[in-house]
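Q: below is the sequence, then the predicted model.
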Number of protein chains: 2
Amino acid sequence: MTMTQAVERLYRIQRELQAYRNVRGLLYHDASTAAPGKSAASRGQTLAVMEQASARILCSGECRELLAYLTPRAEELPRRERRMVQLMDRERRWRDAVPEEEYLSFQKLLAVSFEIWAHAKEADDFSMLEPFLEQVFAACRRISAWAAPDRPPLDVWLDRYEAGLTVERCDRFFDVLRTGLVPLLKRISAAEPEGPEAEYPLEAQRLLSHRIMDLMGIDRNHCALSESAHPGTTGLTKYDVRITTRYQKNQFAPGLFMVMHEGGHALYELHTADEDAFTCLGAFASMAVHESQSRFYENLVGHSRPFLTFLAPVLQEYFPQQLGGMDEEQIYRSVNCVRKTPIRMEADELTYPLHIMIRHEIEKRIFSGELRVKELPQAWNDLYREYLGVEVRSDREGVLQDCHWAYGSIGYFPSYALGNAYGAQLMQAMKREIDVDRCLREGDLVPVNGWLEEKIWRHGARYEPEQLLESAWGGTFDPGVYLRYLEQKYLNLSCAQ
Amino acid sequence: MTMTQAVERLYRIQRELQAYRNVRGLLYHDASTAAPGKSAASRGQTLAVMEQASARILCSGECRELLAYLTPRAEELPRRERRMVQLMDRERRWRDAVPEEEYLSFQKLLAVSFEIWAHAKEADDFSMLEPFLEQVFAACRRISAWAAPDRPPLDVWLDRYEAGLTVERCDRFFDVLRTGLVPLLKRISAAEPEGPEAEYPLEAQRLLSHRIMDLMGIDRNHCALSESAHPGTTGLTKYDVRITTRYQKNQFAPGLFMVMHEGGHALYELHTADEDAFTCLGAFASMAVHESQSRFYENLVGHSRPFLTFLAPVLQEYFPQQLGGMDEEQIYRSVNCVRKTPIRMEADELTYPLHIMIRHEIEKRIFSGELRVKELPQAWNDLYREYLGVEVRSDREGVLQDCHWAYGSIGYFPSYALGNAYGAQLMQAMKREIDVDRCLREGDLVPVNGWLEEKIWRHGARYEPEQLLESAWGGTFDPGVYLRYLEQKYLNLSCAQ
């Protein structure tokens, strides 16, 4: 094998692997939008075959031989190809460590348990999901033992979403937040304005979503919007991204901000480099970096005071009766009211990290053996009372609200909170170079997109998350930036009342 | 290899192949419903990898060895497994004959040309599609030459959809129809009632679709309905079937009868045998048999006089203002009026086969070299004038109306007309055993479904189409049955005016 041949093979194998990744993405996206209600078992069969086929490519003699040839020659490779070899080898080791049978039965299990979750949530019946969740956690424990027998299982899974993340690092981050947020919440939670109660026709909400997507510069030729019970983004390739949202009749905010959230994810996927498409670099640095982009648009842009100057009249255009009597400050307050809701996805920015801490705490307890799956609802409700002072009235509004665990995404939740913190630090850095407030007031997101594309999007998975972010921030991670942002925002809101 | 091992391997390979089939189905279904407008090139890459992977399984040493082992031992196998070996070997020979590069570039081409077709139709601009269609026809010609160098290309493609079908057999069938239909059309086309002009709200049309699907006994847990520009059915597995329809604001009939059409396809897919799922038998006997089921429900049930006795009050429930003033006979006449429309999918039963004959005639001329792709619109319009006396005013209403050619489905169209004829003969046979008219008058489709499941659906691909149909009919194919059905129906409609 010559170097040229090896590089050709490197690209071909990646193209094949990416095709399987796209197919898996489409199968899951379809499952949450268009698939009939009891098609999961059938889909599980298909997913298992796809999973197996892609694992076989990655662990094939050909791929093994290629990586064995290229790894010692990495220094001769250009940076991009060197990174490809590193990422492929990391993935190959993971797949190699886990027996094929284990992986396949895991895939089948997830397809079914994801469907069961939807039925259980609808029926408000945790006991339907319990045996499947039991199996998911058990499988995750076994898989992590195959992959890294000497490391704690939750560390292994955290690391899958955010390279280098551990329970210990999470705990340190959450400690900083808890120390700052709990007293802050006590100071301001007493007086909160009520959101405007009215009916917001779905058709108008849908039109507004499209308006906002256009404003965000999301290329509709390559990004489609649909609706699903659990909104999400699926980037098949940078040329084919899907986002979903979910509307509520009596509130415009959840549907709108979900579009901004998923739209932030979409922009990242859409703006990776053309030459990285169909390679493992045409992806993202980590899930927390991904979440930093979504929560940047949802919160730091969408819920900000300057953007509301632009947004308020737009909202009044779509909902003249419902919002016509309010001024922009009132609308700003209504979308930022601190609500002690049991639902993570309806949480304000201030209480949001507490929802995440609860989930992280439960994952820790499950893996330490301290908590059993059947005790989940009770533990969940107790933690909501303790952290947020909220009484959870049903499992649907409690432990069944999120699909992540049923979907096998153990260790994913901290990415959301980290994403918030990363985003706050990105905003701080952006403001050193751009008059962001002016852009938001004028609804001109072009400079904002330009900065993010330059610093984050175009790099795809070319760098480790830490390296990418430190370069964008011009410094190291400091959760204090996020904490101070929250303090300032909510104390201002509180004082001005 | 023992016989037991061989049979195990036979099932495993089929399970894998079916997974790829499901994925291809989903990719195409998604393309026509949810995918963003310019995602085709990206999808083409994925499709090509999937196509390649499944061809590699079918043409692998393992599969070849298996078929070489089982084929001479076929007599020792139970009937089902024997048929699997036969079908797999037929498919393997086809794939083996065509070079991989040819197949892959064909898949990529189709993904793009399908997308271009949609844009060209919207823009009413055949020249956009022309170069792609040129490539599709050329590729089809090359592929048929690889597969069967000594046979006429169109015969090769006709045979892919209907085993044993040839241009000569098509021509004989169409000659019978033409001889009967052209004079019939002259006798009755002078006086035709006009359909009721009104607005039919889309939301009511959507609700009606679901009502009709329930009436047809379509299991919604395994069959989803959505909307697309070009309606169709995608059977991923018998547990996951998708149908789409398309509504028109000023007519209720097209959307409704499209649901009955696709619903007929869906019932077939949903009712293949459980033990055949994830094997090549969990499919259908041929495309014309498939179309016989769809057009059975659309026409022989949906457009029949007795069913209108049941349907008329249902329609009036959904469209009280629009249809309240009509009696069932008037509604029956309005949905059966003979219309010289340029659009195949809006055609009545009487003129429908003429639309098909035009397409067949064009395919013949293209492959004989008599007609060039760029001359297609002119030839199309001339044939519409000649066969139907219709002036085609735009390519959108002409040669661009169907996606089939852009989609690579050359030689598919005759299946529609054959399906009509097969269906008429099925109805004749059914009526010997069941009081079908009473069932339709009462809206009781259970006995009708029962008969079709018994005679057709549950057999999947276990028999060649001819064998299956002759057993259901209790006789051989007689296009005269179809012709007499049309004569009787339309002469009655005409006399009673």
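A: Here it is on my side, so go on.

Q: helices or strands up against the one helix or strand A:V448 maps to?
A: A:V448 is part of helix A:446-455, with elements assigned from DSSP states H and E. Here helix A:446-455 touches helix A:253-270, helix A:414-433, helix A:436-442, going by 3 or more C-beta pairs under 8 Å, 6 or more residues apart in numbering or on different chains; DSSP states H and E. Yep, even glycine has a C-beta here, placed from its N, CA and C like the rest.

Q: next, the angle from it to helix A:253-270.
A: Angle, helix A:446-455 to helix A:253-270, by axes from the mean of the first three to the mean of the last three C-alpha atoms, to 10 degrees: 50 degrees.

Q: which helix or strand lies directly C-terminal to helix A:446-455?
A: Beyond helix A:446-455 toward the C-terminal end (DSSP H and E), the next one is helix A:465-473.

Q: what does that following helix rub up against?
A: A:162-164, A:285-286, A:288-289, A:292, A:422, A:425-426, A:428-429, A:455-456, A:459, A:462-463, A:476-477 (C-beta atoms under 8 Å, 6 or more residues apart in numbering or on different chains).

Q: just the buried residues of those residues.
A: A:162, A:285-286, A:288-289, A:292, A:422, A:425-426, A:428-429, A:455-456, A:459, A:462-463, A:477 (16 or more other C-beta atoms under 10 Å in any protein chain shown).

Q: buried stuff in stretch A:68-76?
A: A:69-70.

Q: which residues of the stretch 1-150 of chain A lie near chain B?
A: A:15-16, A:19-20, A:22-23, A:26-27, A:30, A:33-39, A:41-43, A:45-46, A:48-50, A:53 (C-beta under 8 Å from any C-beta of the partner chain).

Q: let's go with 7 Å and repeat that
A: Taking C-beta under 7 Å from any C-beta of the partner chain as the measure of proximity, the stretch 1-150 of chain A contacts chain B at A:15-16, A:19, A:22-23, A:26-27, A:30, A:33-39, A:41-43, A:45-46, A:49-50, A:53.

Q: okay, the angle between the helix holding A:V448 and helix A:414-433?
A: Using the same axes, to 10 degrees: helix A:446-455 against helix A:414-433 is 110 degrees.

Q: which residues sit against helix A:446-455?
A: A:217, A:267, A:271, A:293, A:301, A:430, A:433-434, A:436, A:439, A:472 (C-beta atoms under 7 Å, 6 or more residues apart in numbering or on different chains).

Q: and those residues, which is closest to B:G232?
A: When the contacts of helix A:446-455 are ranked by distance to B:G232 (C-beta to C-beta), A:L267 comes first, at 32.7 Å.

Q: okay, now the unreliable bits of chain A?
A: Along chain A, the model assigns pLDDT under 70 to residues A:189-196, A:495-497.

Q: can I see the domain layout of it?
A: A:3-124, A:168-495 (automatic domain parsing).

Q: so can I have TSV of those showing distance to B:L371?
A: Formatted as TSV, these follow (distance: least, C-beta to C-beta, whole Å):
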stretch	distance to B:L371
domain A:3-124	37
domain A:168-495	34
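
Q: right, and those - which one's nearest B:A97?
A: B:A97 lies closest to domain A:3-124 among the domains of chain A, at 23.8 Å (C-beta to C-beta).

Q: straight-line length of the closest one, end to end?
A: End-to-end distance for domain A:3-124: 58 Å, by C-alpha to C-alpha, to the nearest Å.

Q: could you give the backbone dihedrals for A:D240?
A: Torsion angles at A:D240 (phi, psi; degrees, to the nearest 10) stand at phi -150, psi 90.

Q: what is the burial count for it?
A: Residues near A:D240, counting by other C-beta atoms under 10 Å in any protein chain shown, number 28.

Q: isn't it right up against B:P36?
A: Yes - between A:D240 and B:P36 there is a contact under C-beta atoms under 7 Å: 6.2 Å.

Q: overlap of the contact sets of these two?
A: When C-beta under 7 Å, 6+ apart defines a contact, the residues bordering A:D240 and B:P36 alike are A:H222.

Q: show me what counts as buried in stretch A:142-153.
A: For stretch A:142-153, the neighbour count (16+ other C-beta under 10 Å) marks A:143-144, A:147-148, A:152-153 as buried.

Q: contacting residues around the residue of the stretch 251-400 of chain A at minimum distance from chain B?
A: Chain B sits closest to A:F278 of the stretch 251-400 of chain A, with a gap of 6.2 Å, by C-beta to the nearest C-beta. The neighbours of A:F278, taking C-beta under 7 Å, 6+ apart as the test, are A:14-15, A:18, A:237, B:45.

Q: shouldn't A:H271 be in contact with A:G460?
A: No - assessed by C-beta under 7 Å, A:H271 is found out of contact with A:G460, at 9.0 Å.

Q: excluding chain neighbours, what is closest to the most centrally placed residue in chain A?
A: By C-alpha atoms, centre = their mean, the mean C-alpha position of chain A lies nearest to A:E291, the distance being 4.5 Å. Among residues not flanking A:E291 along the chain, A:G419 sits closest, at 2.6 Å (C-beta to C-beta, 6 or more residues apart in numbering or on different chains).

Q: and for that neighbour, the neighbour number?
A: By other C-beta under 10 Å, the residues close to A:G419 number 25.

Q: ok, it touching A:A285?
A: No - checked against C-beta under 7 Å, the pair A:G419 and A:A285 is beyond contact range at 11.4 Å.

Q: and the residue of the stretch 251-400 of chain A closest to chain B, that one's in a strand?
A: No - counting by DSSP: H, G, I helix; E, B strand; the rest coil, one finds A:F278 to be coil, located in no strand.

Q: next, give phi and psi for it.
A: Residue torsions, per degrees, to the nearest 10, at A:F278 are phi 60, psi 20.

Q: again with the one 4 residues further on
A: Main-chain torsions, A:G282, degrees, to the nearest 10: phi -80, psi 50.

Q: what sits against it?
A: If you count contacts by C-beta under 7 Å, 6+ apart, A:G282 has them with A:237-238, A:272, A:276, A:460.

Q: redo those as TSV? Include distance to B:N221.
A: TSV is the format used below for the contacts of A:G282 (distance: C-beta to C-beta, whole Å):
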residue	distance to B:N221
A:T237	32
A:K238	35
A:T272	38
A:D276	41
A:G460	40
